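Participant: Build the 3D model from these lines:
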Amino acid sequence: MVSEDYQNQLLTELRQQGYDHNEICGELVQMGLDKAYVEQLLSKVASEEALDEARPEPDITGHPSSLSVAGREVKLLMFTRKPRCYFFADFMSAEDCERLIEISKTRMKRSVVYSADENGVTKVVPSYTRSSNQANYVLGDSDFTDEILSKVSELTNWPTKKMEGIQVIQYGIGGEFVPHCDFFLDSSDGEEMPWQRVGTFLIYLNRPTYGGSTFFPDAHFEFIPHQGNSLLFSYEPGDINRDLSRHAGTPVGGGSKWLATILLTDRDIENGVTKGTMGGRMM
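Facilitator: Numbers count the residues shown, from 1 in each chain. Below is the predicted model of the structure:
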């Protein structure tokens with residue numbers, strides 16, 4: 001049996017040599033692979049290539065150890081493929097982190113989520129799975145928050161008009177967010193949402209004494225919060241590893257945790273309202 005690694009290597013070589021779909025299929029079938037399996041493999045590759053053109057991600061061509069964002073050196077600490085995550089150090093300065101915390105303190109309200117009521121109407125309601133408070137900023141609220149969104153855009157190669165804005169979230173001792181996915185469901189149940197989320201960008205604004213990590217239970221890794229560090233993970237429709245983006249904010253064991261969340265969308269957002277066709281369904 002031909003190993004999966006060898007299959008992928010051969011597939012890459014044939015494509016680089018200019019073989020078309022049918023020619024590649026013929027070569028792999030001659031090696032003893034089942035034709036239906038080969039067709040499925042080629043379909044998967046085509047799907048992944050389409051996603052590569054439409055996913056929020058930094059340019060890490062050549063595997064750089066750091067990237068320049070608005071003149072600041074942002075270090076790439078870790079990259080995973082399942083799910084696709086990028087962990088950065090020094091995305092924001094300590095001064096900017098403290099400033100964002102300070103301006104948000106007077107705007108804090110209990111954290112909310114989208115939820116459908118008994119009539120199937122989606123509303124913003126207080127969250128009972130997320131013990132936190134938050135302040136929200138949309139594009140145009142202030143030069144400072146717009147600069148943050150612009151930096152996120154530069155790093156992720158994703159336009160600011162396709163961001164829900166900034167949620168500044170504060171968790172006290174015991175505060176947590178239970179395991180969840182940020183994207184809207186694709187099932188036929190629930191009301192359709194007017195957009196779909198394709199990625200999440202987190203900025204850690206401080207360092208709790210204990211706890212407060214971002215934990216991916218299905219992928220079996222977690223990220224420890226340190227001030228100024230950031231985490232990007234994507235989960236586009238059609239990504240076979242999308243469910244692996246399920247994550248949690250673990251309970252804060254000491255001090256408090258401040259976090260900025262920017263949700264990236266598949267279509268334009270204007271003042272918290274999206275333009276375009278429907279994107280997903282919310283339970």
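Participant: From here on, just use CA atoms for contacts and neighbour counts.
Facilitator: Noted.
Participant: Please, where are all the strands along the stretch 101-250 of the chain?
Facilitator: 109-110, 112-116, 122-126, 133-137, 166-171, 177-180, 191-193, 197-204, 210-211, 214-216, 221-223, 230-234, 247-249 (DSSP state E, counting those that start in this stretch).
Participant: and Ile269, what are its bridge partners?
Facilitator: Thr274 (DSSP bridges).
Participant: and it, how far is that from Leu232?
Facilitator: 19 Å (C-alpha to C-alpha, to the nearest Å).
Participant: Repeat that for Met163.
Facilitator: 13 Å.
Participant: which of the two has more neighbours?
Facilitator: Shown here are Met163 and Leu232; by other C-alpha atoms under 10 Å, Met163 has more neighbours (29 against 23).
Participant: What pLDDT is listed against that one?
Facilitator: With respect to pLDDT, Met163 scores 96.
Participant: First-to-last residue distance for stretch 221-238?
Facilitator: Stretch 221-238: ends 23 Å apart by C-alpha to C-alpha.
Participant: For that stretch, buried residues please.
Facilitator: 223, 225-237 (16 or more other C-alpha atoms under 10 Å).
Participant: out of these, who's nearest Gly253?
Facilitator: Gly253 has its nearest neighbour among the buried residues of stretch 221-238 in Pro225, at 12.8 Å by C-alpha to C-alpha.
Participant: May I have the predicted confidence score for the closest one?
Facilitator: 97.
Participant: could you list every residue that touches it?
Facilitator: 204, 206-208, 212-214 (C-alpha atoms under 8 Å, 6 or more residues apart in numbering).
Participant: what separates the residue located most distally from the centre of the chain from Ala260, distance-wise?
Facilitator: Largest separation from the mean C-alpha position in the chain: Gln30, at 40.5 Å (C-alpha atoms, centre = their mean). The gap separating Gln30 from Ala260 is 53 Å, by C-alpha to C-alpha.
Participant: now do Met92
Facilitator: For Met92, the distance to Ala260 equals 11 Å [C-alpha to C-alpha].
Participant: which residues do those two both contact?
Facilitator: Residues touching both Met92 and Ala260 (C-alpha under 8 Å, 6+ apart) are Ile203.
Participant: coming back round to it: would you format the contacts of Pro225 as JSON lines with pLDDT and distance to Gln170 included?
Facilitator: Converted to JSON lines, the contacts of Pro225 look like this (pLDDT from 0 to 100; distance: C-alpha to C-alpha, whole Å):
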{"residue": "Tyr204", "pLDDT": "99", "distance to Gln170": "11"}
{"residue": "Asn206", "pLDDT": "98", "distance to Gln170": "10"}
{"residue": "Arg207", "pLDDT": "97", "distance to Gln170": "12"}
{"residue": "Pro208", "pLDDT": "96", "distance to Gln170": "11"}
{"residue": "Gly212", "pLDDT": "97", "distance to Gln170": "11"}
{"residue": "Ser213", "pLDDT": "98", "distance to Gln170": "13"}
{"residue": "Thr214", "pLDDT": "98", "distance to Gln170": "14"}
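Participant: low pLDDT regions in the protein?
Facilitator: Along the chain, segments meeting pLDDT under 70 span 1-2, 16, 44-53, 112-130, 186-193, 271-283.
Participant: If we use 90, what do you get?
Facilitator: 1-55, 81, 110-132, 184-196, 236-242, 267, 269-283 (pLDDT under 90).
Participant: Look up which residues are beta-bridged to the nearest residue to Phe216 once chain neighbours are set aside.
Facilitator: Nearest residue to Phe216, sequence neighbours excluded (C-alpha to C-alpha, 6 or more residues apart in numbering): His247, at 4.4 Å. Note on His247: beta-bridge partners by DSSP bridges are His180.
Participant: Likewise for Arg110?
Facilitator: Bridge pairing for Arg110 (DSSP bridges) gives the partners Asn133.
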